[in-house]
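Student: this one's sequence-less:
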């Protein structure tokens, strides 16, 4: 299966959209890594490097939006959502300004750079900001579509991209809609709810379960906020058990969001696959995914556990 | 550094009108803070003269068209001195002066810190120190990139300049040669815990900003003639952003509040309110 890192999709999408739409792109000395360099090369007059000063970049983006221009501000997830959390909250979120935050190198798949750069907390941070839209695309096709959808949406959006090449699972006719989850596979015994690079692993886990006669539904939740409540509640009612999977802390991310939503309407077991309450470390990406349990096997095992809890 | 000298002599009529405007702004500040039973009078009063000049003489704005894309922008980076901004906006006709009495009350749009979504004439939401000057940079960048002739003004507190982000913004503004940006440093010398020198000395602002690549002008922030001359010099400078370091008195205009740290964030009681309003008549 063809693979591509969603940060590459981000850079390519910005460069392509730059032909059609008038917007600015900011970066904080990471353009070569976030891939905004692809936009910078084509549209140097609309690209502004802010240097290694993420707080200023985010508040500057707010001023650009307040002056009427759409703008993407880019850095690694750790320095966008982490370093500049308060700037995002107060300069962008509270006045609901039209700024898109393109956060790359999210999660554990940063790899060898290790714990200081592996941001497993950004979704949790961004979820607490009222009015923030959070998009976490699963592959190249979805990431490309998400960038355009974010640009056309009026208001703050946090886009989460990865450094590591992931399989392209969506086809050409794929339709992306903010806030609408995608049913990738029907099933009646358990629902696997995945986001980002865990989506293709959830599909693998469903195959493993099928071999044992277990019918697993697979949902791709690319929009963490606003969450597709209806789709999730339907899944809870129809399958009676849920496993969530995300390349993020098990605290405050997709798993938390799904549990919060379903427990209020249709309480069913919700088991979470994600980075447990711990920091990452250096290593190759395959070794890290294995070490932190971000695998199809983990999803499969949690699904069996969820089934056992089912009444 | 440019010499501190007065280029223009203001005619008596203009000067008198400005003084009257500043007095009304100061009364508006006291009225708001007194009715709210809390707020920040000291740093509001220190910028009252600058606000009077900005909102009657300097800013190219129209209260009937507060979102005009070619308007000059103003960002109160030291957002806690919102009472001065609200009083200036009311003075300029963005809303009724009576509304100042609703400051900080539940259901009032006059939030404790400026809220661009709900108050006409407020160009940027501020309150968290250090963020406003960056937003002003973003606005100036758009003006420059799109060849618009609007200017962007921001007031930064001297205490506020202890925030690292102020210096990130200072670097950015000079790097992109934002000559359409004018930052006024309200140098009143006091912050919550004491004098700025005692708490965390951010001086010398003039040498630091010059080293960052800014055009720096030092003035008496209570002299309308010096304020006018400084804004003229700022507009004449076309290759760098301008910083006007305005030496001011915290609490200016109300004798018992002047140069008193305690009046940074405290409302006057009834007796103090009456006395203050008397002095500002």
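Tutor: Structure received. A quick note: this is a predicted structure, and the numbers were derived from the prediction, not measured. Numbering: from 1, shown residues only, chains lettered A, B, ... in the order given.
Student: residue contacts, the residue nearest the centre of chain A?
Tutor: The residue lying closest to the centre of chain A (C-alpha atoms, centre = their mean) is residue A:136, at 2.0 Å. Contact analysis of residue A:136 by C-beta atoms under 8 Å, 6 or more residues apart in numbering or on different chains lists A:106, A:123, A:160, A:195-196, A:221-224, A:246, A:254. For the C-beta atoms, the positions are set from N, CA and C on the backbone; glycine is no exception.
Student: dihedrals phi and psi, it?
Tutor: Dihedral angles of residue A:136 (phi, psi; degrees, to the nearest 10) stand at phi -130, psi 80.
Student: ok, now residue B:147?
Tutor: Backbone torsions of residue B:147, given as degrees, to the nearest 10, read phi 50, psi 40.
Student: around it, count how many other residues there are.
Tutor: A total of 6 residues lie near residue B:147 under the criterion other C-beta atoms under 10 Å in any protein chain shown.
Student: what's the answer for residue A:93, then?
Tutor: Around residue A:93 there are 24 other residues, counting by other C-beta under 10 Å.
Student: can you tell me the closest non-neighbouring residue to it?
Tutor: Closest residue to residue A:93 apart from its sequence neighbours, by C-beta to C-beta, 6 or more residues apart in numbering or on different chains: residue A:129 at 4.2 Å.
Student: any idea how far that neighbour lies from residue A:224?
Tutor: Counting by C-beta to C-beta, to the nearest Å, the gap from residue A:129 to residue A:224 is 12 Å.
Student: and for residue B:76?
Tutor: Separation of residue B:76 from residue A:224 (C-beta to C-beta): 34 Å.
Student: residues contacting the spatially most central residue of chain B?
Tutor: Taking C-alpha atoms, centre = their mean, the centroid of chain B lies closest to residue B:155, which sits 4.2 Å from it. By C-beta under 8 Å, 6+ apart, the residues touching residue B:155 are B:47, B:50, B:75-78, B:81, B:183-186.
Student: I figured residue B:259 hits residue B:250, correct?
Tutor: Yes: contact criterion C-beta atoms under 8 Å: residue B:259 and residue B:250 qualify, at 6.1 Å.
Student: ok so, going back, which one of the contacts of residue B:155 is nearest to chain A?
Tutor: residue B:75 (7.6 Å; C-beta to the nearest C-beta).
Student: look through chain B and tell me its longest helix.
Tutor: As assigned by DSSP state H, the longest helix anywhere in chain B is helix B:12-36.
Student: what are the buried residues along that one?
Tutor: For helix B:12-36, burial by neighbour count (16 or more other C-beta atoms under 10 Å in any protein chain shown) applies to B:17-18, B:21-36.
Student: and the strands in the stretch 51-200 of chain B?
Tutor: In the stretch 51-200 of chain B, the strands defined using DSSP state E, counting those that start in this stretch lie at B:73-76, B:152-157, B:181-187, B:190-191, B:194-195.
Student: can you put these in JSON lines and add mean pLDDT and distance to residue A:283?
Tutor: Shown next, in JSON lines, are these (pLDDT from 0 to 100; distance: least, C-beta to C-beta, whole Å):
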{"stretch": "strand B:73-76", "mean pLDDT": "98", "distance to residue A:283": "45"}
{"stretch": "strand B:152-157", "mean pLDDT": "98", "distance to residue A:283": "45"}
{"stretch": "strand B:181-187", "mean pLDDT": "98", "distance to residue A:283": "46"}
{"stretch": "strand B:190-191", "mean pLDDT": "97", "distance to residue A:283": "47"}
{"stretch": "strand B:194-195", "mean pLDDT": "96", "distance to residue A:283": "50"}
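Student: TSV for those strands, including distance to residue A:292?
Tutor: Formatted as TSV, the strands of the stretch 51-200 of chain B follow (distance: least, C-beta to C-beta, whole Å):
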stretch	distance to residue A:292
strand B:73-76	44
strand B:152-157	44
strand B:181-187	46
strand B:190-191	46
strand B:194-195	49
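Student: nearest to residue A:93, of the ones you listed?
Tutor: Ranking these by proximity to residue A:93 (C-beta to C-beta) places strand B:73-76 first, at 17.6 Å.
Student: and that closest one, what other elements does it pack with?
Tutor: When contacts are defined as 3 or more C-beta pairs under 8 Å, 6 or more residues apart in numbering or on different chains; DSSP states H and E, strand B:73-76 sits against helix B:82-92, helix B:131-145, strand B:152-157.
Student: show residues contacting it.
Tutor: With C-beta under 8 Å, 6+ apart as the criterion, strand B:73-76 contacts A:63, A:66-67, B:54, B:59, B:61, B:82, B:84-85, B:114, B:123-124, B:126, B:132-133, B:135-136, B:139, B:150-155.
Student: pairing partners for that strand, with directions?
Tutor: strand B:152-157 (parallel) (DSSP bridges).
Student: buried ones in the helix or strand in which residue A:151 is found?
Tutor: In the assignment (DSSP states H and E), residue A:151 maps to helix A:140-152. By 16+ other C-beta under 10 Å, the buried positions in helix A:140-152 come out as A:140-151.
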